[in-house]
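>>> Prediction below, plus the sequence it came from.
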Amino acid sequence: MMSAFFISLLHISFFLLFQKTAITAAAAAATQLRPGFYAETCPAAESIVRDVMAKTMKREIRNAASVMRLQFHDCFVNGCDASLLLDDTPDMLGEKLSLSNINSLRSYEVIDGAKAALEQACPGVVSCADIIIMAARDAVVLSGGPNWEVKLGRLDSLTASQEDANRIMPSPRSNASYLIDLFSQFNLSVQDLVALSGSHSIGNGRCFSIVFRLYNQSGTGRPDPAMDPEYREKLDRLCPLGGDGNVTGDLDATPYVFDNQYFKDLVSLRGFLNSDQTLFSLDARTREYVQHFSRDQEVFFAAFVEGMIKMGDLQSGRPGEVRKNCRKVNSPPLHALLK
Ligand code: HEM
């Protein structure tokens, strides 16, 4: 009697597993991104996300920058699939605690808020991966930057990889030539790299990310020479040696406005991050774009939009689902079903 029960339980579990694999595999093959993907199934989706972004920026304006950054950290690690948003489980170390993300990425709760509003309006329809893409665009628009049409229809991943995040995401110590190589692996050009770095037109960075360049650039025991002396003194006061690494400074001189001030700052050697300043100071291939964008905001905006759309196209081709809760996958793993 008992064994018959277990056999039928196993049977059900395998059936569920098979059915799920079949569904998600079919969905993975069908992931053709396009504008207006939710026009029929959730027509209010884009306005719901924009409202959430507008409200959260009223509470704390920096949420715009923090949410926009999520697109980069999601898309570079196995495609734009919201793997970034998964909390750790006993079987999986997620990406939130990876080297570049720990104590640094923030505003996950803004995406949770958008998801909750969307689940009320159209349950089970809008993926967390698409929410990140819409919210990142809205963050730019609401900060005074360009508007664009986003392609939608992504699925959420069934897993995440801390190891991949550690391996892929660049450190603030990176220089232009390393970044050119890294971005080229994602089919992103030198222009895309420089334009997308222009996202640092809004937001903050921690002292932790710059103390090496203030006091010991490349092991010299000296500051980075590519810094305006007055600006360096200001950063020295903000981030004294041995001080609190979590104190934050502005990534450019207008940290709440999405504009081309960031590029003007790089040209005058007032870039916050080493990775940013090297785009002007170390490499002729990137310098050309920095100079151009510093002179012409419209050219920057157009290149930024192009870069964001290309980055948003990154996909892993792995199976996925529309998560109900952005922090966890819908279906429990097999061993949980068998318990
Ligand atoms: C090119 C390589 C990049 C490097 C090395 C880099 C690195 C960093 C670092 C170190 C910080 C500060 C983190 C901290 O101190 O806690 C930061 C902040 C930020 N990054 Fe990047 N980043 C890069 C590209 C991008 C891209 C492509 C985007 C978006 C399209 C982006 C958006 C942001 C934003 C908006 C912030 C401020 C976030 C906030 O205020 O919470 N970054 N980045």
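Great, that's in hand.
>>> show me where pLDDT drops low in the stretch 1-150 of the chain?
Residues of the stretch 1-150 of the chain that meet the criterion pLDDT under 70 lie in 1-30.
>>> residues from it in reach of the ligand?
Contacts of the stretch 1-150 of the chain with the ligand, taken as CB under 6 Å from any ligand atom, map to 62, 65-66, 68-69, 71-72, 104, 106. Bear in mind the C-beta positions are built from the backbone N, C-alpha and C, glycine included.
>>> Among those, which lie within strands?
Using DSSP state E, no member of these sits in strands.
>>> Just the buried subset of the residues you listed, written out for ChimeraX, thanks.
Applying 16 or more other CB atoms under 10 Å to these, the buried members can be selected in ChimeraX as follows:
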select :62,65,66,68,69,71,72,104,106
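>>> Just want to check the distance between Val150 and the ligand.
13 Å (CB to the nearest ligand atom, to the nearest Å).
>>> Neighbours of that residue, how many?
By other CB atoms under 10 Å, 21 other residues sit near Val150.
>>> Spit out the contact partners of it.
35, 46, 133-134, 137, 309, 312 (CB atoms under 8 Å, 6 or more residues apart in numbering).
>>> picking that back up, quick one: which of the residues of the stretch 1-150 of the chain next to the ligand is nearest to Met169?
Nearest to Met169 among those: Phe72, at 8.5 Å, using CB to CB.
>>> Quick check, that closest one in contact with Gly203.
No - under the criterion of CB atoms under 8 Å, Phe72 is not in contact with Gly203, lying 11.6 Å apart.
>>> now the strands: where do they sit in the stretch 201-339 of the chain?
All strands of the stretch 201-339 of the chain, identified by DSSP state E, counting those that start in this stretch, fall at 204-206, 248-250, 320-321.
>>> Packing partners of the last one?
On a contact count with 3 or more CB pairs under 8 Å, 6 or more residues apart in numbering; DSSP states H and E, strand 320-321 meets helix 2-29, strand 156-157.
>>> Distance check, Lys324 against Glu109.
17 Å (CB to CB, to the nearest Å).
>>> The two: who's more crowded?
Comparing Lys324 with Glu109 by other CB under 10 Å, the one with more neighbours is Lys324, at 14 against 10.
>>> low-scoring stretches of the stretch 201-339 of the chain, by residue?
332-339.
>>> For it, give the residue positioned nearest to the ligand.
Ranking the residues of the stretch 201-339 of the chain by distance to the ligand (CB to the nearest ligand atom) places Gly203 first, at 2.6 Å.
>>> what's the distance between the residue nearest to that residue when sequence neighbours are not counted and Gly113?
What sits nearest to Gly203 in space, not counting adjacent residues and going by CB to CB, 6 or more residues apart in numbering, is Ala65, at 2.7 Å. As defined by CB to CB, Ala65 lies at a distance of 17 Å from Gly113.
>>> Likewise for Arg69?
Arg69 is 17 Å from Gly113, by CB to CB.
>>> Glu119 contacts Lys324, doesn't it?
Yes - contact status for Glu119 versus Lys324: in contact at 6.7 Å, counting by CB under 8 Å.
>>> what's near enough to touch the residue lying closest to Leu158 once chain neighbours are set aside?
Spatial nearest neighbour of Leu158, chain neighbours left out: Val329 (5.3 Å); criterion: CB to CB, 6+ apart. The contact partners of Val329, taken as CB under 8 Å, 6+ apart, are 86, 156, 158-159, 321, 323.
>>> Select from the residues you listed the one having the most neighbours.
Of those, with other CB under 10 Å as the count, Leu86 tops at 25 neighbours.
>>> thought that one was touching Leu97?
No - counting by CB under 8 Å, Leu97 is not a contact partner of Leu86; they are 11.3 Å apart.
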